[in-house]
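Chemist: The following block contains a protein sequence and its predicted model.
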Amino acid sequence: MMNWLDPRKGARALVLGGAALLGAAGASAQALEKELVIATTGGLIEKALVQSFYTPFSKAKGVEVIPAAIEVPDQWAKVQAMSRSGGMEFDIVTATPPDLVQKKDLLQPIDCSKLPSVTANGVKGACTPYGVMRTVGGMQIGYNTDVFKDGKGPKTWADFWDTAKFPGPRGLPDTGDREWWVPVAALLADGVAPDKLFPLDLDRAYKKLDKLRPSIAVWWKSGDQLQQTMRSKEVVMTMGYSGRLISLINAKVPLAVSWDGAIRDVGYMAIPKGAPHPKAAMAYLDFFYSLPPEQHVKFVDAVSYDTGNAKTASLFPPERRAMLATSAENFDKLIVADYEWIGNNRQMLRDRWIAWLGR
């Protein structure tokens, strides 16, 4: 391993947690490579992955899981550099749906028929030709319940745009990687049907955004900033990551959310071409879905994002289940974008966004 992985030795020890006792691993596990390097964004989500998935996989298969904490844009820069040099170090990387289109030349195709647990236990679309769902959430509306009481807050993107009925400053994302979220919401607010969104009519979307722009108090750039704007009441409503907003609700911040028109936000696990431990990588993808849903519940409780396990939501009480992206009442409501179109037009979308913001 190269030096940049050395700081993760503490994480390696945590993941193994007694891996020396693994001599009785099954014959299939013996055929796997002995290491697996997984690129994640670190922090809370990495800690939860270690506890719920990495450590059980290490104990079951005798494979040392090495977390590599790295932000997604930096991850892709490294993957591209390592692909050119022929020295790939990551076995599993984090990918957005457009990444699976735009970066597919860097990724190893996945044969879903070789992942029976994903097929048996995953939500619809959990396995794709280049990635397997890890986390599922939505870009949704969150609003302050001290301002909008008794369930009378905004429910739809049309409500979000209605500053007469729902007055007050708003927040929208400017995260630098998903410039299609806000135009999609604008088109939904303007009455475009979900199945007619793509290809995006950007002229129409930005005309609608022009009308809301005076009410946008914060263009938030990170999940932490998103949460702070709601805690401080800097905005009365925002578009936000469901996991971040639901974490605030769990922390008793006066906040409610709406799943009506929420835009599906999925994190995938993908295998880069030239991954040094491809057998262990495929084994991990299937193992992730082979664990009982109770194990997934622990992860969901820790990070407030669902996994792609279709059986997890039913284990939560009704009031908590209503906040889960994969629950029966929410999953089919999620807006699923045309990721092929987005992936093929990302630079144009980025350029249009930057030009509009800079006006």
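Modeler: Looks like it came in fine. Being a predicted model, the structure only gives us computed values, none of them experimental.
Chemist: in the chain, which segments are predicted with low confidence?
Modeler: Residue ranges of the chain with pLDDT under 70: 1-30.
Chemist: Could you break it into its assigned domains?
Modeler: As assigned by automatic domain parsing, the chain contains the domains 3-135+267-318, 137-265+329-357.
Chemist: so can I have CSV of those showing mean neighbour count?
Modeler: Bear in mind the C-beta positions are built from the backbone N, C-alpha and C, glycine included. Output for the domains of the chain, formatted as CSV (neighbours: other CB atoms under 10 Å):
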stretch, mean neighbour count
domain 3-135+267-318, 19
domain 137-265+329-357, 18
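Chemist: now the helix or strand containing residue 351, how far from the centre of its chain.
Modeler: Residue 351 is part of helix 346-357 when elements are defined by DSSP states H and E. Centroid separation between helix 346-357 and its chain, computed with CA atoms, centre = their mean, to the nearest Å, is 22 Å.
Chemist: contact partners of it?
Modeler: Applying CB atoms under 8 Å, 6 or more residues apart in numbering, the contact partners of helix 346-357 are 98, 102, 174, 179-180, 182-183, 200, 202, 206, 209, 219, 342.
Chemist: Residue 157: which of these is nearest?
Modeler: residue 182 (10.1 Å; CB to CB).
Chemist: quick one: the closest one and residue 209 touch, right?
Modeler: Yes. With contact defined as CB atoms under 8 Å, residue 182 counts as touching residue 209 (6.8 Å).
Chemist: helices or strands next to the longest strand belonging to the chain in the packing?
Modeler: With secondary structure taken from DSSP state E, the chain has its longest strand at strand 255-270. Applying 3 or more CB pairs under 8 Å, 6 or more residues apart in numbering; DSSP states H and E, we find strand 255-270 packed against strand 93-95, helix 97-102, strand 132-144, helix 181-189, helix 242-250, helix 278-290, helix 328-331.
Chemist: Make JSON lines out of these and add distance to residue 304.
Modeler: Conversion of the helices and strands packed on strand 255-270 to JSON lines gives the following (distance: least, CB to CB, whole Å):
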{"stretch": "strand 93-95", "distance to residue 304": "17"}
{"stretch": "helix 97-102", "distance to residue 304": "20"}
{"stretch": "strand 132-144", "distance to residue 304": "8"}
{"stretch": "helix 181-189", "distance to residue 304": "19"}
{"stretch": "helix 242-250", "distance to residue 304": "4"}
{"stretch": "helix 278-290", "distance to residue 304": "18"}
{"stretch": "helix 328-331", "distance to residue 304": "14"}
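Chemist: So which of those is nearest residue 119?
Modeler: For the helices and strands packed on strand 255-270, proximity to residue 119 was assessed by CB to CB; helix 278-290 is nearest, at 8.4 Å.
Chemist: Can you list the helices and strands that the following helix or strand past the closest one packs against?
Modeler: Of the helices and strands lying after helix 278-290 in sequence (DSSP H and E), the nearest is helix 293-303. Helix 293-303 sits against helix 43-49, strand 306-307, with contacts defined as 3+ CB pairs under 8 Å, 6+ apart.
Chemist: Taking strand 132-144 as reference, get the angle to helix 293-303.
Modeler: Per axes from the mean of the first three to the mean of the last three CA atoms, to 10 degrees, the angle that helix 293-303 makes with strand 132-144 is 40 degrees.
Chemist: can you list the residues that contact helix 293-303?
Modeler: Helix 293-303 has contacts (CB under 8 Å, 6+ apart) with 44-45, 47-49, 51-53, 56, 121, 135, 243, 306-307, 309, 311-312, 314-316, 324.
Chemist: Give me the angle between that helix and helix 278-290.
Modeler: Using the same axes, to 10 degrees, helix 293-303 lies at 90 degrees relative to helix 278-290.
Chemist: mind saving the C-alpha coords of helix 293-303 as CSV?
Modeler: Coordinates of each C-alpha in helix 293-303 appear next as CSV, following Å, rounded to 0.1, in the frame of the first residue of the first chain:
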residue,chain,number,x,y,z
PRO,A,293,-32.4,-6.2,7.9
GLU,A,294,-31.9,-5.7,11.7
GLN,A,295,-28.2,-5.1,10.9
HIS,A,296,-29.2,-2.4,8.4
VAL,A,297,-31.5,-0.8,11.0
LYS,A,298,-28.4,0.0,13.1
PHE,A,299,-26.8,1.7,10.2
VAL,A,300,-29.9,3.7,9.3
ASP,A,301,-30.3,4.8,12.9
ALA,A,302,-26.7,6.0,13.0
VAL,A,303,-26.6,8.0,9.7
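Chemist: which residues touch residue 33?
Modeler: Counting by CB under 8 Å, 6+ apart, residue 33 touches 63, 276-280.
Chemist: Kindly calculate the angle that the helix holding residue 351 makes with helix 181-189.
Modeler: Counting by the same axes, to 10 degrees, helix 346-357 lies at 80 degrees to helix 181-189.
Chemist: Which helix or which strand is home to residue 239?
Modeler: In this structure, residue 239 is located in strand 237-241 according to DSSP H and E.
Chemist: partners of that strand, with directions?
Modeler: Strand 237-241 sits in its sheet next to strand 132-144 (antiparallel), strand 170-173 (parallel), going by DSSP bridges.
Chemist: For the ones you listed, give me JSON lines that also has distance to residue 159.
Modeler: Shown next, in JSON lines, are the strands paired with strand 237-241 (distance: least, CB to CB, whole Å):
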{"stretch": "strand 132-144", "distance to residue 159": "8"}
{"stretch": "strand 170-173", "distance to residue 159": "11"}
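Chemist: To residue 237, which of those lies closest?
Modeler: Closest approach to residue 237 among the strands paired with strand 237-241 is made by strand 132-144 (4.0 Å; CB to CB).
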